[in-house]
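K.L.:
Turn this into a structure:
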Amino acid sequence: MKKLSLFIGTLLIAAIGTTNAQVLYKISGNGLKTESYIIGTEHFVKSSFVDSIPGAKRVLSQVQQVCGELVMKYANNTDTAMSLIQYMMLPPDSVARNIMTEAQFDSLCRIVKEDYNIDLNLPQYASLLRMYPMLFYVTITQLSEQMKQMANPGSTPNSNDYMDFYFQQEAEKAGKTVLCLETYSFQMKLITTLYDMPLKQQYAELIESLKNKKVDSQLKELENTYKSLDLRKIEKMLDQIKESEDITTRILYSRNDNWADKMPSMMSEKSTLFVVGVGHLVGDKSILKLLRAKGYKIKAVEK
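P.N.:
Presented below is the predicted three-dimensional model:
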């Protein structure tokens, strides 16, 4: 249970606290001709929240390019999905029906049908049962949300209406360059190789998490805390579910090292707004501290 919660809370949201209520920082000095910026997001917060972040829209209008963890416009691209199938799917003999007991599978089907309105016995959802358990959870959550939007009269489904998408979409509208720090295949490999626990145990934890809605409640709490900009509460919350230093290193610290090496060349060419999960901005091995160590000046943007 803790591992599923840690995965969702740290990898997809990557949100842990800092010493002040700020998520946008200016990067200057060390030979930069123009200032660059970095903003920490909560990946599943709607784009309208950008209005609540002091200086965010002003900075977006000033920079010459935007760099995210991924190029978000490809997230729903069929070609992207096809290229990632090899990472998303378990071997044919490892599908949920073969790993779970009959009682476990019946329980999974019942919960997903009741809470997400997805009937896993229907042929169109067969591929879900071949996904890694953690990817299964993320996928049914997103799919259920899209189905709710479609069922709402007058509502147009928009899976791109999130903060990370917003910054890149607005940059493209203004004719600015959009870059990325990682590839989809890298992130998918990371997700599927984080845990060495047996699949049977992963499925058992998945069912337990779905049954008591613990992850859903934690995600909602993280979202609400981010919106209040009380990031110290998020740090405390994730500390409670933290289980493995190795996983934290692979999800946050090693990626911070890689990004800190890539960012200087981008900033030297054009003023850049980096958009990453806010967890990457904090702690002794944060992006901010790594950039300071390289000689850059880091200052919070307050308005």
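
K.L.:
Point out where the stretch 151-300 of the chain drops to low pLDDT.
P.N.:
Low-confidence segments of the stretch 151-300 of the chain (pLDDT under 70): 153-160, 230-244.

K.L.:
In the stretch 201-303 of the chain, what residue spans correspond to strands?
P.N.:
272-277, 297-300 (DSSP state E, counting those that start in this stretch).

K.L.:
To residue 83, which of the ones you listed lies closest?
P.N.:
Of all those, it is strand 272-277 that lies closest to residue 83, at 22.9 Å by CB to CB. All C-beta spots, glycine's among them, are computed from the backbone N, C-alpha and C.

K.L.:
Adjacent strands (with direction) for that closest one?
P.N.:
Paired with strand 272-277 in the same sheet, following DSSP bridges, are strand 36-41 (parallel), strand 65-68 (parallel).

K.L.:
Give me the residues contacting the first one.
P.N.:
By CB atoms under 8 Å, 6 or more residues apart in numbering, the list of residues contacting strand 36-41 from outside reads 15, 23-28, 53, 56, 59, 63, 163-164, 167, 263, 266-267, 271-281, 287-288, 301.

K.L.:
Can you flag which of the residues you listed belong to helices?
P.N.:
Mapping the contacts of strand 36-41 onto helices (DSSP state H) picks out 56, 59, 163, 164, 167, 263, 266, 267, 287, 288.

K.L.:
Need those in JSON lines (columns: distance to residue 104 and neighbour count).
P.N.:
Listed next are these as JSON lines, based on distance: CB to CB, whole Å; neighbours: other CB atoms under 10 Å:
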{"residue": "56", "distance to residue 104": "45", "neighbour count": "23"}
{"residue": "59", "distance to residue 104": "49", "neighbour count": "22"}
{"residue": "163", "distance to residue 104": "36", "neighbour count": "23"}
{"residue": "164", "distance to residue 104": "35", "neighbour count": "24"}
{"residue": "167", "distance to residue 104": "41", "neighbour count": "27"}
{"residue": "263", "distance to residue 104": "45", "neighbour count": "22"}
{"residue": "266", "distance to residue 104": "47", "neighbour count": "17"}
{"residue": "267", "distance to residue 104": "50", "neighbour count": "27"}
{"residue": "287", "distance to residue 104": "41", "neighbour count": "26"}
{"residue": "288", "distance to residue 104": "44", "neighbour count": "21"}
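
K.L.:
Return the member of the residues you listed nearest to residue 89.
P.N.:
Nearest to residue 89 among the ones in helices among the contacts of strand 36-41 is residue 164, at 25.1 Å by CB to CB.
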